[in-house]
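Q: Provided below are the primary sequence and the corresponding predicted coordinates.
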Amino acid sequence: MADEFEEKRRYFRVSDTINLLHRVIDPSKIKELSYVSTDVLSSCSLTAALDVLNQELSTLAPRLERRDPEMFEYLKLIDSKVNLVSQALTSQDEAFSEHDMREVSLSAAGVAFTNDQPIKIGELLELRMLLTSCLAVIVAYARVVQCKDISEHNAEHPFAICVEYVNMKEEDRELLIKHVIKKQMQQLRDKNAS
């Protein structure tokens, strides 16, 4: 048990806002390995994907504007053109939606999120996580290790669910680690700028 605790703690953890879908699955599915889909548009609409990129860009924009105002204006015009094209192509059918945005505590060992329903400890979940840093969807399997009632602090999502990944491929774990580190660096830059 101590080794398991050490394993969980050797990964950095970061607070993040990601698109997260989950569903309870049959234990036989857990034999499948995690995978990354770079075909983001099969998991979300063009609008949702562009919104994710806009969030990422909004953190870079102030620095670029200070460094090179002319380039910043040029890139804003290109962004406007892309947004116009996306509006013309947008369909209403999407897997991820704005309602799937979640505040999470994310690491390469597991993820914690709030939920409107309890999930039993030991249940197996399929998770779909859209990561902004690489614009990829990680499909991972996880086991619920904690379900806590937090209704006193969060009436909308009264349950805190903690899961640990099962059968995660090392390259997927590496992608998560890169995302977490990038997010931590961004948060440190934001903190130092304010």
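A: Good, I have the coordinates.

Q: now name the helix or strand holding the residue lying farthest from the centre of the chain.
A: Computed with C-alpha atoms, centre = their mean, the residue of the chain farthest from its C-alpha average is residue 70, at 32.5 Å. If you go by DSSP states H and E, residue 70 is part of helix 69-89.

Q: let me see the contact set for the closest residue to residue 27 other than its chain neighbours.
A: Residue nearest to residue 27 in three dimensions, not counting chain neighbours: residue 124, with 5.8 Å by C-beta to C-beta, 6 or more residues apart in numbering. In short, each C-beta sits where N, CA and C put it, glycine included. Going by C-beta atoms under 8 Å, 6 or more residues apart in numbering, residue 124 touches 24-27, 29-30, 141-144, 166.

Q: write the ChimeraX selection for whichever of the residues you listed are buried.
A: Only the buried entries of the contacts of residue 124 go into this ChimeraX selection, using 16 or more other C-beta atoms under 10 Å:
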select :25,30,141,142,143,144,166
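
Q: between the contacts of residue 124, which sits nearest residue 104?
A: residue 142 (12.2 Å; C-beta to C-beta).

Q: how far away from the center of its chain is stretch 69-87?
A: 25 Å (C-alpha atoms, centre = their mean, to the nearest Å).

Q: average pLDDT for the longest helix along the chain?
A: Scanning the chain for the longest helix, with DSSP state H as the assignment, gives helix 170-193. Helix 170-193 comes out with an average pLDDT of 86.

Q: what segments of this protein are strands?
A: For the chain, strands defined by DSSP state E occupy the ranges 13-25, 35-37, 101-107, 110-115, 124-131, 136-149, 159-166.

Q: any idea which of the ones you listed scores lowest on pLDDT?
A: Taking the mean pLDDT of the strands of the chain, strand 35-37 comes last: a mean of 66.

Q: other residues contacting the longest helix of the chain?
A: Identification of contacts with helix 170-193 by C-beta under 8 Å, 6+ apart yields 11-14, 16, 34-36, 59, 62, 106-108, 131-134, 136, 138, 140, 165.
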